[in-house]
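Enquirer: Fold the following.
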Amino acid sequence: MKRVLSKMRYVIFGLVLILGVLGIFFSLYIADIRPPEIEENGISKEMERKGNKLMLEMLEAHGIRNWQKIKTAEYTANSSWYGFFGSLGCPWPETDVDLHYKMEPNSFNIRVEFLNTESKGEVWGIQSWKSYIKKPGQELLFKENTGIKFGLSTSHYLTELPFRIAQAPIKSYAGERERNKKKYLLVYATWEKAAPHALHDQYVLWINKETKLLELAQYTVREGGKFASAWVIYEDYQAIEGVMMPTAFHNKLTLDKEDYLHRHVYKKIRFNSFDITELRPNDVLLPVGDNKYHSDSLMP
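Expert: Residues are numbered from 1 along each chain as shown. Model prediction:
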């Protein structure tokens, strides 16, 4: 019996040691998705010029002039999460939900109402990076909730990615790739400096060479874990009031594997269909727009 207990102690000690080492590794490792063209040679003035040109062409293809006229947007969507990592990343109470989104473009003011599951009728939202919940028959309550902020802000940003990513100060052409018989022009985008760092995310945009629409993007998830990165795939674009919107976007951890992490299917997209005050229930919160690093200010 003593030998068995002794062996169990060694096993437990070994597992704790392994988990500790992994924990240290993941706490220190910062994902770096720079394409080889940039990682090996840096960003030249010509690559920067070409990257900015491609970004402008992408904006034109997506209908930036019409997008700038939009004050509010709403749509319904099915959000489904798959597998072990999907269940870990899912921000919702269940892994398959129908949602009604309302959001303000180029901001972090967004809310969702659950249309099914046990949470039906419940509203989750963020205003200027402050999270709130409104349950049926109850008053709206602002309460700090990291899951709500991360889930809603990520969904908001990926929905608007073709327009939001253009504001990144560092943009560089990053080569050409081919996938599924389509040719893509790559643009690398980030903030502050090209090399990886813990504060800002990196993006690699795959722009269809023919249509100039954004069809794929690899991105890091600093707030979800500095070591993490994933892919977003946009499908079946359609023109809505002069703006090209996908009918779905999907997330994968690895591009060429079949397994999905998340599938997000849009329905009934509408623009300027409700008053923007619905997204600003606290009228003393300062608007922060696209800036998430000045989210703690209240008007005196």
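Enquirer: If you tally nearby residues, what's the number for residue 207?
Expert: Neighbours of residue 207 under the rule other C-beta atoms under 10 Å: 23. All C-beta spots, glycine's among them, are computed from the backbone N, C-alpha and C.
Enquirer: ugh, wrong one, I meant residue 117
Expert: Residue 117: 14 neighbours (other C-beta under 10 Å).
Enquirer: give me the number of residues near the residue lying closest to residue 119 once chain neighbours are set aside?
Expert: Spatial nearest neighbour of residue 119, chain neighbours left out: residue 93 (5.1 Å); criterion: C-beta to C-beta, 6 or more residues apart in numbering. Counted with other C-beta under 10 Å, residues neighbouring residue 93 total 13.
Enquirer: Can you give me the pLDDT of residue 93?
Expert: For residue 93, the model assigns a pLDDT of 93.
Enquirer: Next, please give the residue ranges for the helices of this structure.
Expert: Counting by DSSP state H, the chain has helices at residues 2-28, 36-41, 45-62, 64-67, 83-89, 146-159, 161-164.
Enquirer: packing partners for the third one?
Expert: So that's helix 45-62. On a contact count with 3 or more C-beta pairs under 8 Å, 6 or more residues apart in numbering; DSSP states H and E, helix 45-62 meets helix 161-164, strand 170-179, strand 182-190, strand 202-208, strand 243-252.
Enquirer: ok, the third one: who's next to it in the sheet?
Expert: Sheet pairing for strand 182-190, assigned by DSSP bridges, gives strand 170-179 (antiparallel), strand 202-208 (antiparallel).
Enquirer: which one of those lies closest to residue 114?
Expert: Comparing the strands paired with strand 182-190 against residue 114 with C-beta to C-beta, the closest turns out to be strand 202-208 (29.7 Å).
Enquirer: Export the closest one to PDB, keeping only CA atoms.
Expert: Output in PDB follows, covering the C-alpha atoms of strand 202-208 (Å, rounded to 0.1, in the frame of the first residue of the first chain):
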ATOM      1  CA  GLN A 202      -1.800  41.200 -35.300                       C
ATOM      2  CA  TYR A 203      -3.800  40.500 -38.500                       C
ATOM      3  CA  VAL A 204      -3.000  39.000 -41.800                       C
ATOM      4  CA  LEU A 205      -5.700  39.800 -44.400                       C
ATOM      5  CA  TRP A 206      -6.300  37.600 -47.400                       C
ATOM      6  CA  ILE A 207      -7.800  39.900 -50.100                       C
ATOM      7  CA  ASN A 208      -9.200  38.300 -53.200                       C
END
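Enquirer: picking that back up, least reliable of the helices of the chain by average pLDDT, please.
Expert: Across these, the lowest-scoring stretch is helix 2-28, with a mean of 42.
Enquirer: Dump stretch 233-249 to CSV, restricted to CA.
Expert: The C-alpha coordinates for stretch 233-249 follow below in CSV (Å, rounded to 0.1, in the frame of the first residue of the first chain):
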residue,chain,number,x,y,z
ILE,A,233,-13.4,32.9,-43.1
TYR,A,234,-16.1,35.1,-44.7
GLU,A,235,-18.7,33.5,-47.0
ASP,A,236,-21.1,34.5,-49.7
TYR,A,237,-21.0,38.3,-49.8
GLN,A,238,-24.2,40.2,-50.7
ALA,A,239,-24.8,43.9,-51.4
ILE,A,240,-27.0,45.6,-48.8
GLU,A,241,-27.7,49.3,-49.4
GLY,A,242,-24.4,49.5,-51.3
VAL,A,243,-22.3,47.7,-48.6
MET,A,244,-20.9,44.2,-49.2
MET,A,245,-21.8,42.0,-46.2
PRO,A,246,-21.1,38.3,-45.7
THR,A,247,-23.9,35.9,-45.0
ALA,A,248,-21.6,34.1,-42.6
PHE,A,249,-18.2,34.0,-41.0
